[in-house]
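Asker: structure here, sequence nowhere to be found:
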């Protein structure tokens, strides 16, 4: 194989990056489809047949809630069966515990643990279902809670999640639920609520600790049973008085496996319970299965409110058995209209689009021969059939009072339409364009193969070269200690991970102690950061004016940042304060000007090697032979890169000091210390360069979490994104948010410029016949590809994981946010590597040009002298 | 057995002796677990401190007594002195292990103090004490074995491989700790101890294999 040269390396790297970007965008567009959901909440229009102009705006949401309620009742034609709902959410309760599995009654141990519930089910005063949770639609049942809130705007007593505080003690799991139950008796006797949500978390914890067979399981179930008994008896007492009829619904969000895990898509995990207590049951079996999404429309109609617009579920048949025939059919019609609206939104080519405008039903089109062609045709045709049957039933109803056969066929036709529409719709929300995903993944894989093989080639060449440095243990120890200690403090600063956020950490401790401690610490850290940066800049001996300018610029911006911290950083009103905004804007401007000015102008202005300048630390000074020193501007290159690298570091640090929360100032200082210690440690130790850069990369990723970020989108610091922005701009805020969130990885990537100038130049062994490409490759050959390779491997791995997990219940809440973070990390890596590479190339070429000119000028002088 | 082991000069340790030592150390671990489980009916998950202390109390004497037989320069250093070196090495090694674990992310709260102490004592007797018994405070030997990782001969392998195995195993054992499985064994230092012991056993197997290969090669050469 031909040896890599600089051009080849950069061409292959760029190919890899382009492939990666292409594959990533393919995958992202395939995986996160732009779902056409209907906006808004549904109002009274849902009680009319769909018409052409859907935009018809009924302003009934402005009505007071009690009027709205009666309006709904009047329009729907179905009297609400219930007035109040108690939703008892028991986390992780598998339906198997109550209803058994495969038409068999539940195990004895569970049956004995919940005697009251069992008796309710057996006596027929409750209907129990296995409700199957489907990943993307599991939230729909959650959406109904929110929807009911909006529709009624009544006093909603939601006692959810008030109990997260005390769950770290071993015995405490029973207490979690007692917190909920304690208030229950009070609440039940009041009449100021219409929706009561009880969220019991305890079973989830018990399941996680010991699984099904845990000793805690039976008492826990018994406790739940007691609660059911309490509620049910209070419902029975209050029946008939003004509080109205109450429906108690026991649902679980998902099941669990036998050892207590959940979230997967196995039967045990998706098998959750839906128990309607208060509905009469006629035929009881242990095996009726509904989808979790069916709960939403059923509840809506039972309570006489419109079905949510984006519902894809079907009414549960048994829930409406007690209704009169025409009411049941009307309910079905409402559900069908709602689904038809949703179908219209998703299928623009739905052939029966025009019929509601004609207001009469075309009987010819309901030939069954047409029902087979396409999905659209079939769904449309099914709907027409049901609608036609319904109209004929309605017209006949006046004459023949008992047309039970017609009724049942109409119901059957409606259910057929509803079932197939629901199936189609929910499949549409789950179905992904498989080809697009596969292509995206394949492209990502190819790109990571390209990048890794490039890396391997480069490594092999280096090993053939075999220039190992002897390590110097004593010197490197200090750096190593500093690295470890600051890493440990960073680790303890914020608890990463959703499950551990409640555990104590340094930031919580400080915030608890109050601003008395936070403020001095912040100020101290800021001063230290600025002085470390300025010390590094001042440590270069130079008579050049340009360097003085750089120092002055950073000094001024440092002082401005300190001013901002001391005067304005009482976070709450800094964004509205005009003076603060102005100060921050000035700081941005100076910082930007100084940094860009340094990067662009320094290579042109730095004096050439006649006046020799070194970094203060003379241990680095490499023994360049004079011939090479004449040929290449090595000393200048090293000094320029050193200054530019520190300019990047200082600029980034100062930005972070402005933007990050006060508590995060010390982690910035620690990150800076890590970088300095790491560079010093690596310069003296003889480790492979790629290992060092990989180590830096990992430090950056660890720092990301040390700054309080996590894998959920909730931890993104939105408040910081408006600092120094006078008028609202999504674009600028987005950039600031990116700067805040990716502070640490970007910091590391930017500091690679400084690393290159100290590390590579020390061990640079330049053969006599070197050219520009060789030198550039020695400088940038590792620092640029290594982060790219690592990132591409991680990206591909996460893509595979996401693809495997696409049917997991938590795909939207856990895996997708993580993937978004990974995508943003990719963007961050690309930007960082681009900056490093561009700086390297630009500096080198400018200096080389100047050197050449100077050389030829000298030679001309010599020639002139000799003549 | 003690005299028999002592007769042979330590640099020429036979593969049978390596086997014997490793089997004894491994058995001590197993006995520790057995006693914890059957006599005191505690285990690592519900009582990590007690179990670790018990295992350490059984493992440590075995290690210190066995490895002191292979002390360097037995003519200058008596058996008792080797044991004293091991006893001295124990707290030093425990301190280093504890500091290392803390630096790499072990929880630093006071409620974990006892666990950390008992864990680091056990780790010290798996990693530090054997080398302390054999080499004492000879800096070059320590340097050779642990810093440069250039062991020579079965004895070095016998010291170096199980120690490295224990440390690396502990590190791998810490991997599940940050996961959100909410299992009791994810707590510090339970899975780390399991990992360390597994690594230790793997290291012993490796060292035994190397010793066998070594002597096999020698015999071939001799023929």
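Answerer: Now that the structure is in, tell me what you want to look at. Nothing here was measured: the structure is a model prediction, and the numbers come from that model.
Asker: local confidence estimate at residue A:397?
Answerer: Note on residue A:397: pLDDT of 69.
Asker: local confidence estimate at residue 197?
Answerer: If you meant another chain, say so; for now it's chain A. Residue A:197 is assigned 73 on the pLDDT scale.
Asker: looking at chain B here, not the other one
Answerer: pLDDT, residue B:197: 94.
Asker: ramachandran angles for residue B:178?
Answerer: The phi/psi pair for residue B:178 (degrees, to the nearest 10) reads phi -80, psi 0.
Asker: can I assume it is in contact with residue A:495?
Answerer: No: judged on CB atoms under 8 Å, residue B:178 makes no contact with residue A:495 at a distance of 10.3 Å. Using the backbone N, CA and C atoms, a C-beta is placed for each residue, glycine as well.
Asker: do you know how far whatever residue of the stretch 751-867 of chain A ends up closest to chain B is from residue A:132?
Answerer: Nearest residue of the stretch 751-867 of chain A to chain B: residue A:814, at 9.3 Å (CB to the nearest CB). According to CB to CB, to the nearest Å, residue A:814 and residue A:132 sit 20 Å apart.
Asker: which one of those two has more residues nearby?
Answerer: Neighbours were counted for residue A:814 and for residue A:132 using other CB atoms under 10 Å in any protein chain shown; residue A:132 has more, 20 against 17.
Asker: OK, contacts around the more buried one?
Answerer: A:270-272, A:289-292 (CB atoms under 8 Å, 6 or more residues apart in numbering or on different chains).
Asker: looking at those, which are in helices?
Answerer: Members of the contacts of residue A:132 lying in helices (criterion: DSSP state H): residue A:270.
Asker: and the contacts of residue A:132, which is closest to residue A:484?
Answerer: Nearest to residue A:484 among the contacts of residue A:132, counting by CB to CB, is residue A:270 at 45.1 Å.
Asker: ok, the closest one to chain B distance?
Answerer: Here residue A:270 is placed at a distance of 19 Å from chain B (CB to the nearest CB, to the nearest Å).
Asker: one more: residue A:741?
Answerer: Distance from residue A:741 to chain B, counting by CB to the nearest CB: 20 Å.
Asker: so what's the residue count around that residue?
Answerer: By the criterion of other CB under 10 Å, residue A:741 has 24 neighbours.
Asker: and it, what does it touch?
Answerer: Contact analysis of residue A:741 by CB under 8 Å, 6+ apart lists A:704, A:709, A:716-717, A:824.
Asker: one more time with 7 Å, if that's ok
Answerer: By CB atoms under 7 Å, 6 or more residues apart in numbering or on different chains, the residues touching residue A:741 are A:709, A:716.
Asker: re earlier: out of the contacts of residue A:132, which end up buried?
Answerer: Listed as buried from the contacts of residue A:132 are A:270-272, A:290-292; burial here means 16 or more other CB atoms under 10 Å in any protein chain shown.
Asker: let's have the residues you listed in a markdown table, adding distance to residue A:687.
Answerer: Shown next, in a markdown table, are those (distance: CB to CB, whole Å):
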| residue | distance to residue A:687 |
| --- | --- |
| A:270 | 49 |
| A:271 | 53 |
| A:272 | 53 |
| A:290 | 61 |
| A:291 | 57 |
| A:292 | 54 |
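Asker: rewinding a little: now the contacts of residue A:132 as a markdown table including pLDDT?
Answerer: A markdown table is the format used below for those (pLDDT from 0 to 100):
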| residue | pLDDT |
| --- | --- |
| A:270 | 72 |
| A:271 | 74 |
| A:272 | 76 |
| A:289 | 77 |
| A:290 | 78 |
| A:291 | 76 |
| A:292 | 74 |
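Asker: among the contacts of residue A:132, which lie within strands?
Answerer: The strands, defined by DSSP state E, take in A:271-272, A:289-291 from the contacts of residue A:132.
Asker: now the element after the worst-scoring helix or strand of chain B on mean pLDDT, going C-ward?
Answerer: Lowest by mean pLDDT, DSSP states H and E among the helices and strands of chain B is helix B:2-7, with a mean of 46. With elements assigned by DSSP states H and E, the helix or strand that comes after helix B:2-7 is helix B:15-34.
Asker: between helix B:15-34 and the very next helix or strand once past that next one, find me the angle.
Answerer: If you walk from helix B:15-34 toward the C-terminus, the next helix or strand you reach (DSSP H and E) is helix B:48-68. Here helix B:48-68 runs at an angle of 160 degrees relative to helix B:15-34 (axes from the mean of the first three to the mean of the last three CA atoms, to 10 degrees).
Asker: report whether the helix or strand just after helix B:48-68 contacts chain A.
Answerer: The first helix or strand that comes after helix B:48-68 along the chain, using DSSP H and E, is helix B:79-103. Yes: judged by CB under 7 Å from any CB of the partner chain, helix B:79-103 comes into contact with chain A at B:102-103.
Asker: centre of the chain to the next helix or strand after helix B:79-103, how far?
Answerer: Next along the chain after helix B:79-103, taking DSSP H and E as the criterion, comes helix B:113-135. Centroid separation for helix B:113-135 versus its chain: 7 Å, with CA atoms, centre = their mean, to the nearest Å.
Asker: show me what helix B:113-135 is packed up against.
Answerer: If you count contacts as 3 or more CB pairs under 7 Å, 6 or more residues apart in numbering or on different chains; DSSP states H and E, helix B:113-135 packs onto helix B:48-68, helix B:79-103, helix B:139-142, helix B:153-173, helix B:190-222.
Asker: so what's whichever residue of the stretch 1-150 of chain A sits closest to chain B scoring on pLDDT?
Answerer: When distances are taken as CB to the nearest CB, the stretch 1-150 of chain A reaches nearest to chain B at residue A:92, 11.7 Å away. Per-residue pLDDT puts residue A:92 at 73.
Asker: was I right about it contacting residue A:207?
Answerer: Yes: when contacts are counted by CB atoms under 7 Å, residue A:92 is listed as touching residue A:207 (5.1 Å).
Asker: state the mean pLDDT of the longest helix along chain A.
Answerer: For chain A, the longest helix by residue count, based on DSSP H, is helix A:816-866. Averaging pLDDT along helix A:816-866 gives 87.
Asker: what about that helix, distance to the chain center?
Answerer: The answer for helix A:816-866 is 36 Å, by CA atoms, centre = their mean.
Asker: go on, stretch B:61-71?
Answerer: Distance of stretch B:61-71 from the chain centroid (CA atoms, centre = their mean) equals 11 Å.
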